[in-house]
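[1] with the input below, show me the fold.
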Amino acid sequence: MKETNPPETQKNVSKTSSEEEVIKTNKSEVEQIVEPIKKNNQNSSTIAISNKGNQSEQKITSIVSIALEEIKKNRDILKEEVKELTERKSQIEKELQSSFIGQSDAIARRLKGFQDYLTGAFQDLAQSAEQLELVVQPVVLKPSPLDETTKTTSDEITEITPAIADTFKPDEELIRNYLDQFLDQPDFYADPWKFRRSLDPKDINLLSDWFFNLGGRGAQPSRGNRSKNVLVTAALISILGELYGDRFQTLVLASQPERLGEWRRGLQDALGLAREDFGPNSGIMLFERGDGLIEKADRLEERDEVPLIIIDAAEKIVDIPILQFPIWLAFAATAEELYEEEDFI
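    Purely as a prediction, here's the structure:
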């Protein structure tokens, strides 16, 4: 026999199936509703991320643009400053060219070039001079008008002046005694203005000839260098100081400061002098030019004082008025000595 479901069971089965269909229906509806929401959420998150990226890119772009603008402004400012500096430089160069400093600089450059030219020319001249045979020219001195005898025609009385060589004849014995003492051992502790060194027999002969043959005025051959000439002059100053005392002053002529420095140091050492002894109101004066020496010697003679004029061996030209004074000594240098002096300069 076939079993038959009761009616209640059938109802329950149908009810269950209908509920499942309802659930499926609701589930599908829910899925339809949720899926758009998920998609919207995904789209919104994607949009948010893209918006954030766009905002950061916009910020970077704005920063870069601002930096570029500042760099352009700085570049423009630097261009203006460079332009101003260039204009200022050209203006300063024009001012220098027209000013004294610029002209002096240009002159100095020209003088430097001329100096180089002269140096080369003098070197060529020196080489040519070395190949020549130089002959020492004798020193010829004309007699001074003061040495001539004066004649009076009114009363026909002739006044005979003593010979030049007789100027120191009255003091010959005293002078020779001093010269003999200079041959002995030097007295390094002698009083100032006393000769503290010794001389060679050649030096004694030179001074004897100057005193007793030339009468205290004339040229003598150089002793070979300035130091020896200074030593002979120191002995001469010592003797004349004993003869004339305070009425006597020495005037030395040398045209270079270096030469005058050697004279000062040599006389200071040989006579025991100090710096105070060299000056206008002292015992020894040093001159670079002859006109100043002549003027000083004239003033000394006006005050009835005796000037002793010493002329350095390197002096090639001597003013004629110097040779008219009563007491002077000029050292005549050899050609070799003059050549050495030119090389020193």
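
[2] when you work out contacts or count neighbours from here on, use the C-alpha atoms and nothing else.
    Noted.

[3] and the helix or strand Val252 falls within, which strands flank it?
    Element membership for Val252 (DSSP states H and E) is strand 248-253. When pairing is defined by DSSP bridges, strand 248-253 lines up against strand 284-287 (parallel), strand 306-311 (parallel).

[4] can you tell me what sits against the shortest one?
    Residues external to strand 284-287 that are found in contact with it (CA atoms under 8 Å, 6 or more residues apart in numbering): 249-255, 260, 277-279, 293.

[5] against which helices or strands is the helix or strand harbouring Asp298 packed?
    Using DSSP H and E, Asp298 falls within helix 290-302. With contacts taken as 3 or more CA pairs under 8 Å, 6 or more residues apart in numbering; DSSP states H and E, helix 290-302 sits against strand 248-253, strand 306-311.

[6] identify each buried residue in that helix, please.
    290, 293-294, 296-297, 300 (16 or more other CA atoms under 10 Å).

[7] what's in contact with it?
    Here helix 290-302 has contacts from 251, 253, 287, 306-307, 318-319, 321-322, using CA under 8 Å, 6+ apart.

[8] which pair of those spans the longest distance?
    Of all pairs drawn from the contacts of helix 290-302, the greatest distance, 20.0 Å, lies between Val306 and Val318 (CA to CA).

[9] thinking again about what came up before, mind putting the strands paired with strand 248-253 into CSV with mean pLDDT and distance to Asp124?
    CSV is the format used below for these (pLDDT from 0 to 100; distance: least, CA to CA, whole Å):
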stretch, mean pLDDT, distance to Asp124
strand 284-287, 94, 33
strand 306-311, 94, 31
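
[10] with neighbour numbers in mind, choose between Val306 and Val318.
    When Val306 and Val318 are compared for neighbours, Val306 comes out ahead with 22 against 13, by other CA atoms under 10 Å.

[11] relative to Ser255, how far out is Pro307?
    From Pro307 across to Ser255, the span is 19 Å (CA to CA, to the nearest Å).

[12] the more surrounded of the two?
    More neighbours surround Pro307 than the other of Pro307 and Ser255, with 24 against 18 (other CA under 10 Å).

[13] got the contact list for the more buried one?
    248-251, 297, 300-301, 327.

[14] per-residue confidence at the nearest residue to Asp319 once chain neighbours are set aside?
    Nearest-residue entry for Asp319: Gly290, 6.6 Å, with adjacent residues in sequence omitted and distances by CA to CA, 6 or more residues apart in numbering. Note for Gly290: predicted pLDDT of 91.

[15] give me the mean pLDDT for stretch 272-282.
    Taken as a whole, stretch 272-282 has an average pLDDT of 87.

[16] now stretch 328-345
    Here the average pLDDT along stretch 328-345 is 78.

[17] now do stretch 230-245
    Mean pLDDT, stretch 230-245: 93.

[18] roughly how far is it from the heart of the chain?
    Computed by CA atoms, centre = their mean, to the nearest Å, the separation of stretch 230-245 from the middle of its chain amounts to 39 Å.

[19] give me the contacts around it.
    Contacts for stretch 230-245 (CA under 8 Å, 6+ apart): 175, 178, 182, 193-195, 197, 199, 203, 207, 248, 250, 263, 266-267, 270-271, 306, 310.
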